[in-house]
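1. Pasting the sequence and the predicted model now:
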Amino acid sequence: MTDKTMANTESFDDKCRFIIELGKAAHSYVSPAIRLESYLNRVTAAFGLEGEFHSTPTNMIFAFREKEDDWQKINLSVVQGGLDLTKLPALDDIVDEIVVGKLSIKEAESRLTEVAKSADPYGNAMQAFGYYRITG
């Protein structure tokens, strides 16, 4: 599936819902802001939309519009904190495959669910230590 095919086959609401779920997942896995914004901007562009995003530690605001339409869809989502950096590479893969047109929204949603259900191989204490070592 090419980018043009992806942009034309899925509904506006389906695209928005998926991007919101992707953003919430990335936020809950403690994605750095630059990575989170990259995911959202790349997927939004691949879907043929324009988007604006804002995140805080407890919520995210998503605004979407189709390029030639001034009407916007805005969503405010409460996000849960978490600490599982091991899931970020899987999100990288999902985003990359969407951008090149290898995944439909339904396939990507299924992959997001698999990532969410996957076990944390290190536990919170080791994750916290790893995060501290990266940022400290």
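-> Okay, I see it.
2. Can you name the residues that contact residue 12?
-> Listed by C-beta atoms under 8 Å, 6 or more residues apart in numbering, the contact partners of residue 12 are 49, 64, 66, 73. No exception for glycine: its C-beta is placed from N, CA and C like everyone else's.
3. Residue 47 versus the second one, what's the distance?
-> Noted for residue 64: a distance of 9 Å to residue 47, by C-beta to C-beta, to the nearest Å.
4. shared neighbours, the two?
-> Common neighbours of residue 64 and residue 47 (C-beta under 8 Å, 6+ apart) are 15, 19.
5. What segments of the protein are strands?
-> Assigned by DSSP state E, the strands in the chain fall at 49-55, 59-66, 73-78.
6. Any buried residues in the second one, and which?
-> Translated: strand 59-66. For strand 59-66, a neighbour-count test (16 or more other C-beta atoms under 10 Å) marks 60, 62, 64, 65, 66 as buried.
7. Can you name the residues that contact the last one?
-> For residue 66, the set of contacting residues under the criterion of C-beta under 8 Å, 6+ apart consists of 12, 48, 49, 50.
8. got it, and the first one?
-> Under the criterion of C-beta under 8 Å, 6+ apart, the contact partners of residue 60 comprise 20, 23, 24, 27, 53, 54, 76, 77, 79.
9. Retrieve the pLDDT associated with the closest residue to residue 26 other than its chain neighbours.
-> Take residue 26 and drop its neighbours on the chain: the residue closest to it by C-beta to C-beta, 6 or more residues apart in numbering is residue 36, 4.8 Å away. In this prediction, residue 36 carries a pLDDT score of 92.
10. which ones are touching residue 36?
-> Residue 36 touches 23, 26, 27, 53, 55, counting by C-beta under 8 Å, 6+ apart.
11. For those residues, give me TSV that also has neighbour count, pLDDT and distance to residue 84.
-> Output for the contacts of residue 36, formatted as TSV (neighbours: other C-beta atoms under 10 Å; pLDDT from 0 to 100; distance: C-beta to C-beta, whole Å):
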residue	neighbour count	pLDDT	distance to residue 84
23	25	95	16
26	27	92	11
27	22	92	12
53	19	95	21
55	20	90	17
